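Asks: sequence below, structure please.
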Amino acid sequence: MSIARKVKIDVDLQTMREVAKELGFVTVTNADVRNYAGRPMSKADLVIGNKTDMGDVGFRTKEDGSIEMIADFHNGHAEDKLKILMPTYYERILRRRGGRFKITDKTETKDKIILTIQR
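Replies: Residues are numbered from 1 along each chain as shown. Sure, this is the predicted structure:
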């Protein structure tokens, strides 16, 4: 059973694409986001996936300019991708915004990642 979600999120799509490529993910623009079974769910401006499993993570710019993340959270494929992507993404954003802040600690639990950010 699919557990598809659309969530409003504040990300820079260009930075997300750069990070995903650097980490070895496949990135496609203006494509379908696939669910855990490989079936198209929705169109997105940026789709991040890999060659070993289905369950892409997509990002779409809405009419009001906000960004919506689209993913199927069945079997944990989307969460696994986000756990890899997001810490590197936030490190990159922090560096680009003046470098006054840095991530000093990263703690992972079963269902979350906690980043400690210091000035």
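Asks: now for the helix ranked longest in the chain, which elements pack on it?
Replies: Longest helix in the chain, counting residues (DSSP state H): helix 77-96. Using 3 or more Cβ pairs under 8 Å, 6 or more residues apart in numbering; DSSP states H and E, the elements in contact with helix 77-96 are helix 13-22, strand 40-49, strand 57-61, strand 67-72, strand 102-108, strand 113-118. Any C-beta I mention is one placed from the backbone N, CA and C, and that applies to glycine too.
Asks: residue 83 is nearest to which of these?
Replies: strand 113-118 (5.9 Å; Cβ to Cβ).
Asks: residues contacting the most centrally placed residue in the chain?
Replies: Centrality entry for the chain: nearest residue to the mean C-alpha point is residue 82, 4.8 Å, by Cα atoms, centre = their mean. By Cβ atoms under 8 Å, 6 or more residues apart in numbering, the contact set of residue 82 is 57, 71.
Asks: repeat that for the one 4 residues further on.
Replies: Residues touching residue 86, when contacts are defined by Cβ under 8 Å, 6+ apart, comprise residue 113.
Asks: can you tell me how far it is from residue 63?
Replies: 26 Å (Cβ to Cβ, to the nearest Å).
Asks: look up which residues are beta-bridged to the closest residue to residue 70 other than its chain neighbours.
Replies: Leaving out its chain neighbours, the residue that sits closest to residue 70 by Cβ to Cβ, 6 or more residues apart in numbering is residue 58, at 4.2 Å. Note on residue 58: beta-bridge partners by DSSP bridges are residue 47, residue 70.
Asks: surely residue 58 and residue 33 touch.
Replies: Yes - taking Cβ atoms under 8 Å as the definition, residue 58 is a contact partner of residue 33 at 3.4 Å.
Asks: so what sits against both of the two?
Replies: Joint contacts of residue 58 and residue 33 (Cβ under 8 Å, 6+ apart) are 42, 43, 44, 47, 70, 71.
Asks: just give me the neighbour total for the residue lying closest to the third one once chain neighbours are set aside.
Replies: Computed as Cβ to Cβ, 6+ apart, the closest residue to residue 44 that is not its neighbour in sequence is residue 58, at 3.1 Å. Residue 58 is surrounded by 25 other residues when neighbours are defined as other Cβ atoms under 10 Å.
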